[in-house]
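1. sequence-free structure coming up:
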């Protein structure tokens, strides 16, 4: 694993050196230098093979030979043409960019690295140049004068390096006068790399696991249940209340699906405990599933077919269990998939099921905005509960926290879930501070590890990409003493702790439902002295129980 | 290709075009070619090319509903979903139309532009940066005014709005002939856009010949136009006879039209012919952009993908077969009991 530079080393970035563009043009800077720490490991053969993806083999990005099929170029060009015909977005975005540069300094990877090929426009130009050469007349005839270049082995490597340095966060798309979405281009590019077996293992592994065991981490059903039972014990210790989650229970009213990361690693686990406490307190008829035990969908980062394959389990399980609707936990890209893809891809599977327009069993509120897809975001669900006074909350239990909220890219720019989490946070804690306006809401910055880049071997990439986010957190930390970074995304909860440790070590990370759980007054609870993390509650520091 | 080479090529092409038309008309007296044949060919290329390209775009389906949501979604009734939200995160067609109007007429997304100031990296800021938006909008509207003013040459009688536009455009009637501001404003805006590309290293890095060429081309069109109007005083009556002849399909070549006019017309013809094969297609393209022209309602109404692939997923049955013993041991419900499953 590469040595990660120290923060002050890493900050030595020059974004616009004067010689940029005066030297030879960007097309002539090949071969790309594949830097350790800036990319993820290659997909393992077994993981690529597990879901029937092409060309499974052992390979490494640092090797000269990537062991491609002999006709790799034809495969890519055929795949390119096929996607131009299937996606208007792709075809249009290849044609209409005017290179105005509005997107140039909007990308967190560019801000954190200064690498000009991380400017969204240039990331797209890497593909556009090949598009011009092979699919436009001017490009065929004029070549580089028309901004066209041949697809070569070196170009392919350059594609790979930069396609896996984009987290598909869509921030650039907010600023583009034509709505060109680099995420869309990266997704197409990654589909093309996958035709050659050029996936990264941090995506291929979770995809293979999710397919077989139902979740990214490969937790088998019995282990999944055991982990949840551990949370039940923990919760009982903290609250004195024993919750009773059910699994794979037919006839339940609601199926709950959340990212498996929350069952597996801190601080997500505390969020999972928050969900369990909430469901128990409400007394609602809800079940978890071990088969559909993953909200996330790394198929989104692989290909639309794999995304559909993995997502299918949600409706299949809802139908099998006979639930009326699905409640979805805090997750980022999971909600991009649910909001923008799920109904389109898989609603057929819900035919003949008992799924209907979701109605909150507690408040009776009909979620008309989920009428077709039949899946409600837990932030919508909890916000509705609080608004209707259905939860007894003591926000002072979170008085040790000075909280800021990180909008996750996908719920922000692929959905518009902005106010619901803020409403909930303001009701469960007393000290809430917003980060600067150009770094939140629809302009929010990526955590640095989205779209399957949250591996351990690309820490430098993550710290660089996470710099804009961390910098905004540091601002509110210094100004308001913020010590807790709340979010509604399991990848955030996996990525941000390391990012904070690196840039702003005074700030910790939490899911919103962990704070809900801590503030929740439960029926029959004992005198609470500690929070879910076992830390003393405010005013209880001297209690004997701590 | 670096900036020097790009500049040499793009400006070289424009100079060559100017030289060709100059020599062709002044030296070889090919008025009929530059005044009649080339304009017709260029207009045909323009329309055929634009239609073909737009049809090509339209033929690719929109499999998924992927608007970039730039405001709060419509969800719970008490969460504010006002005009701003309806336009930046539309859930209805009306909202989408509003969003597109703002995008097309006001360059709404570009208006959001910010400028990152990195400093030492200790405190990165993102300041509002409206210059690009301002000059882009000035350029486009000045261009529009100029095109509308030129309708004077192609219609008889003129549409009612042409004199009105001329009146507004010539507001400062200091000189004779009337000075139209638009011609100078567009020159200024183009110069800004060009300097921006040359002086900002990031822009210099991403710019291609295809970015400089249209700038030089339009600048030359503007310059020849200004020269004709204010310096060389072209014969407007004769020119109108030619242009009216072109649009009424009765082309004629009146005497006494100066060379500068043919140079102007030739560059305009090149712009027309170049348009469908260039980035200038952003004009029709913006209307088709799926991140802007779709409403964020895919949880309310199912969006249909015409090629929705049939995909085999890992079924619950296969999953249970894989883990049945362990599931039973852990007390998880199973669909088939162990004994019957093993039969």
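-> It's in. This one's a predicted model, so the numbers in the text were calculated from it and none came from an experiment. Numbering: from 1, shown residues only, chains lettered A, B, ... in the order given.

2. after the helix or strand containing residue A:412 comes which helix or strand?
-> Secondary structure from DSSP states H and E places residue A:412 in helix A:409-413. Remark: after helix A:409-413, the chain's next helix or strand is helix A:419-428, criterion DSSP H and E.

3. Show me what that following helix is packed up against.
-> helix A:378-387, strand A:403-406, helix A:512-519 (3 or more CB pairs under 8 Å, 6 or more residues apart in numbering or on different chains; DSSP states H and E). Using the backbone N, CA and C atoms, a C-beta is placed for each residue, glycine as well.

4. So what's the residue count around the residue nearest to residue B:329 when sequence neighbours are not counted?
-> Among residues not flanking residue B:329 along the chain, residue A:222 sits closest, at 6.4 Å (CB to CB, 6 or more residues apart in numbering or on different chains). Counted with other CB atoms under 10 Å in any protein chain shown, residues neighbouring residue A:222 total 18.

5. per-residue confidence for residue A:222?
-> Residue A:222 is assigned 95 on the pLDDT scale.

6. didn't it look like it was pressed against residue B:328?
-> No: look at residue A:222 against residue B:328 with CB atoms under 8 Å: they stay out of range, at 9.2 Å.

7. low pLDDT regions in the chain?
-> Answering for chain A, as no chain was given. For chain A, applying pLDDT under 70 flags the ranges A:1, A:544-546.

8. ah, no, chain B please
-> Answering for chain B: the residues below the bar, that is pLDDT under 70, span B:1, B:173-174, B:338-343.

9. mind listing the strands for chain A?
-> In chain A, the strands defined using DSSP state E lie at A:254-257, A:286-288, A:325-328, A:375-377, A:403-406, A:484-487, A:508-511.

10. before we move on, the earlier item: please work out which of the helices and strands packed on helix A:419-428 is packed deepest.
-> Mean neighbour count (mean count of other CB atoms under 10 Å in any protein chain shown) peaks for helix A:512-519 among the helices and strands packed on helix A:419-428, with a mean of 27.

11. Run through the neighbouring helices and strands of that helix.
-> helix A:268-282, helix A:378-387, helix A:419-428, strand A:484-487.

12. count of residues packed around the residue nearest to residue B:298 when sequence neighbours are not counted?
-> Distances taken as CB to CB, 6+ apart place residue B:65 nearest to residue B:298, at 4.2 Å, with adjacent residues excluded. As a burial measure, residue B:65 scores 22 neighbours (other CB under 10 Å).

13. Is residue B:156 located within a strand, as I assumed?
-> No: in this structure, residue B:156 is coil, not part of a strand, as judged by DSSP: H, G, I helix; E, B strand; the rest coil.

14. mind listing what the residue located most distally from the centre of chain A touches?
-> For chain A, the residue at maximal distance from the C-alpha centroid (CA atoms, centre = their mean) is residue A:141, at 41.9 Å. Taking CB atoms under 8 Å, 6 or more residues apart in numbering or on different chains as the definition of contact, residue A:141 has no neighbours.

15. what about it, distance to chain B?
-> Per CB to the nearest CB, to the nearest Å, residue A:141 is found 11 Å from chain B.

16. Give the bridge partners for the closest residue to residue B:119 other than its chain neighbours, please.
-> Excluding the flanking residues, the one nearest residue B:119 by CB to CB, 6+ apart is residue B:125, at 7.7 Å. Counting by DSSP bridges, residue B:125 is bridged to residue B:117.

17. Just give me the neighbour total for residue B:125.
-> 16.

18. Regarding chain B, what is its longest helix?
-> In chain B, with assignment by DSSP state H, the single longest helix is helix B:38-59.

19. Need the contact partners of that one.
-> With CB under 8 Å, 6+ apart as the contact definition, helix B:38-59 has outside contacts at A:85, A:88, A:91-92, A:95, B:246, B:251, B:265-266, B:268-270, B:272-273, B:275-277, B:281, B:284-285, B:288.

20. Pull out the buried members of those residues.
-> Buried subset of those (neighbour count, 16 or more other CB atoms under 10 Å in any protein chain shown): A:88, A:91-92, A:95, B:246, B:251, B:265-266, B:268-270, B:272-273, B:275-277, B:281, B:284-285, B:288.

21. Where helices are concerned, which of the residues you listed count?
-> Secondary structure from DSSP H places A:88, A:91-92, A:95, B:246, B:265-266, B:268-270, B:272-273, B:284-285 of the buried ones among the contacts of helix B:38-59 in helices.

22. ok, of those residues, which one's closest to residue B:77?
-> Comparing those against residue B:77 with CB to CB places residue A:88 closest, at 33.9 Å.

23. dump the residue contacts of that closest one.
-> Counted by CB under 8 Å, 6+ apart, residue A:88 has contacts B:57-58, B:60-62, B:288, B:290.

24. next one: residue B:171
-> So residue B:171 contacts residue B:181 (CB under 8 Å, 6+ apart).

25. same question, residue A:357
-> Residue A:357 touches A:325, A:366-368, A:370-371, A:374, counting by CB under 8 Å, 6+ apart.

26. Just the helices from the stretch 201-343 of chain B, written as ranges.
-> B:201-206, B:209-226, B:236-247, B:259-274, B:282-285, B:316-329, B:338-342 (DSSP state H, counting those that start in this stretch).

27. Would you mind giving the ones you listed as JSON lines with distance to residue B:14 added?
-> JSON lines is the format used below for those (distance: least, CB to CB, whole Å):
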{"stretch": "helix B:201-206", "distance to residue B:14": "19"}
{"stretch": "helix B:209-226", "distance to residue B:14": "4"}
{"stretch": "helix B:236-247", "distance to residue B:14": "22"}
{"stretch": "helix B:259-274", "distance to residue B:14": "8"}
{"stretch": "helix B:282-285", "distance to residue B:14": "21"}
{"stretch": "helix B:316-329", "distance to residue B:14": "65"}
{"stretch": "helix B:338-342", "distance to residue B:14": "77"}
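
28. Good, wrapping up.
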